[in-house]
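Undergrad: starting from these lines, generate the structure:
(one chain, ligands or ions: 1)
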Amino acid sequence: MSIKLNTHYLESFIRPHEYAQIADQVRLADKMLREKTGPGNQMLGWIHLPENYDREEFSRIQKAAEKIRKTCDVLIVIGIGGSYLGARAVIEYLRSPNYNLLPGNKPQIYFSGNCISADAMNELLKLCEGKDVCVNVISKSGTTTEPAVAFRVFRNLLEEKYGKAGARERIFVTTDRARGTLKAFSTEAGYETFVVPDDVGGRFSVLSAVGLLPIAAAGIDITKLMEGAAAASRAYTNPDLEQNDCYRYAAIRNILYRKGKVMEILASYEPFSMMFNEWWKQLYGESEGKDLKGIYPASVIFSTDLHSLGQFIQDGNRIMFETVIDIADTGNTCKIPDDPNNIDGLNFLSGMELDDVKKTAMLGTILAHVDGGVPNIVIEVSKRDEFVLGELIYFFEMACAISGYLLAVNPFDQPGVESYKKNMFALLGKPGYEEMGKELRKRLNF
Ligand code: PA5
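TA: Model (predicted):
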């Protein structure tokens, strides 16, 4: 595997017998998952997705992506939560957070329908002016308000610009195979549709059409991404904790949680990981934060955040552990230049690679944080490419499932997300919510 778990910096926090004692629970979690006897067992399609996917649809995704790349200057990807975070994470990680600004990148890719902001909407509409636009709307339920509203806005834009028939050629829909408003609407309008598999939840769906179409539209090799994930799916099947880095990560999280470490900070040293961190936070937050339990997932980009959150991590409330992503080869180099006058006193760094300075910063930070009482898990990633990212995605998905079962929650539902939705519908006067609306208005005094 191109991913290695380094537990060296945990030695003062976890004793050997603690691994031994949780090992049987891990075996049980693995059994529940593989034999589909645990909670949420109807949502396990992601386990075999990297090998067992619809080849015909995969080639349609590649064709649609080619068409988008040929005919559009701008692709608007509409979706929220698990329906957009994975695609955005992969595009920014493999291409760049500045992908849209860099020359030669066509189409530009913008994400919409992931908030409720007139400002964000108007800005995107402006960015589309004078450009050829395509839309990929992604919603499993087909009823989520944020993407539904954004789709209405961009559908209007496309129909005004290209007419109904022209718009049809530029709208791609990813939704449930058969159910939901969006599916019914697409069938009637004749849009090309792709499927969110029934047994794959939003936050586990990046390796389905949900993530793959926008990712392929960014020119990323989705075959290699799937091959990497497939390699990981074969590698992480041994329930023996000592033989399985992925399961060991899940076990360590729970050992630390049971000692009061209720927050995990995912730390990366590369700004291109920022959206990957967001994807990871949703995966773990929505899977584990329930039944009054869960490890709160937070994230930082170092060394940037060493100058904001560094103080708290070093010296504040001791509630957290860190998981550091260490990417050996990012595909870029930059040497620090020499200055004969050495006015800034930096010549001790002359000729040094920036990556080596970064590595030193990372090692120094790990030691400082460990000294400050923060357990550090290090995930060593060999390089930054499609294959290895596929492995990393699968690593975190599988670890999340095992960890959720160790925590005794259902990692595959999200009942808490419904509460705000119901209140919002009631207050907005959605048919069927009238009584609830009256109650809420009373509580709000209007
Ligand atoms: O992970 C999840 O299940 C959620 O984050 C959903 O992806 C999110 O709520 C969007 O739902 P939908 O795709 O039905 O619009």
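Undergrad: where along the stretch 251-400 of the chain do the strands fall?
TA: 263-268, 296-301, 320-329, 376-383 (DSSP state E, counting those that start in this stretch).
Undergrad: what is the mean pLDDT for the longest one?
TA: Looking back up the chat, that one is strand 320-329. Taken as a whole, strand 320-329 has a mean pLDDT of 98.
Undergrad: what packs against it?
TA: helix 245-257, strand 263-268, helix 354-371, strand 376-383 (3 or more C-beta pairs under 8 Å, 6 or more residues apart in numbering; DSSP states H and E). No exception for glycine: its C-beta is placed from N, CA and C like everyone else's.
Undergrad: by how many degrees do that strand and helix 354-371 diverge?
TA: Per axes from the mean of the first three to the mean of the last three C-alpha atoms, to 10 degrees, the angle that strand 320-329 makes with helix 354-371 is 160 degrees.
Undergrad: what of the first one?
TA: For the pair strand 263-268 and helix 354-371, the angle between their directions (the same axes, to 10 degrees) equals 160 degrees.
Undergrad: other SSEs contacting strand 263-268?
TA: The contact analysis (3+ C-beta pairs under 8 Å, 6+ apart) places strand 263-268 against helix 274-288, strand 296-301, strand 320-329.
Undergrad: go with 6 Å
TA: Applying 3 or more C-beta pairs under 6 Å, 6 or more residues apart in numbering; DSSP states H and E, we find strand 263-268 packed against strand 296-301, strand 320-329.
Undergrad: so what's the residue nearest to Phe395 when sequence neighbours are not counted up against?
TA: Closest residue to Phe395 apart from its sequence neighbours, by C-beta to C-beta, 6 or more residues apart in numbering: Cys246 at 5.1 Å. Contacts for Cys246 (C-beta atoms under 6 Å, 6 or more residues apart in numbering) come out as Tyr236, Phe395, Met398, Ala399.
Undergrad: from Gly201, how far off is Pro411?
TA: 9 Å (C-beta to C-beta, to the nearest Å).
Undergrad: same check, this time on Thr365
TA: 35 Å.
Undergrad: again, but for Met263
TA: Taking C-beta to C-beta, one finds Met263 at 24 Å from Gly201.
Undergrad: which of these two has more neighbours?
TA: Between Met263 and Gly201, counting by other C-beta atoms under 10 Å, Gly201 is the more crowded of the two (22 against 16).
Undergrad: contacting residues around that one?
TA: Contacts of Gly201 (C-beta under 6 Å, 6+ apart): Met43, Phe412.
Undergrad: what residue lies at the spatial centre of the chain?
TA: For the chain, the residue nearest the mean C-alpha position is Trp279 (1.9 Å; C-alpha atoms, centre = their mean).
Undergrad: for that residue, which non-adjacent residue is closest in space?
TA: Leaving aside its chain neighbours, Trp279 sits nearest to Ala89 (3.8 Å; criterion: C-beta to C-beta, 6+ apart).
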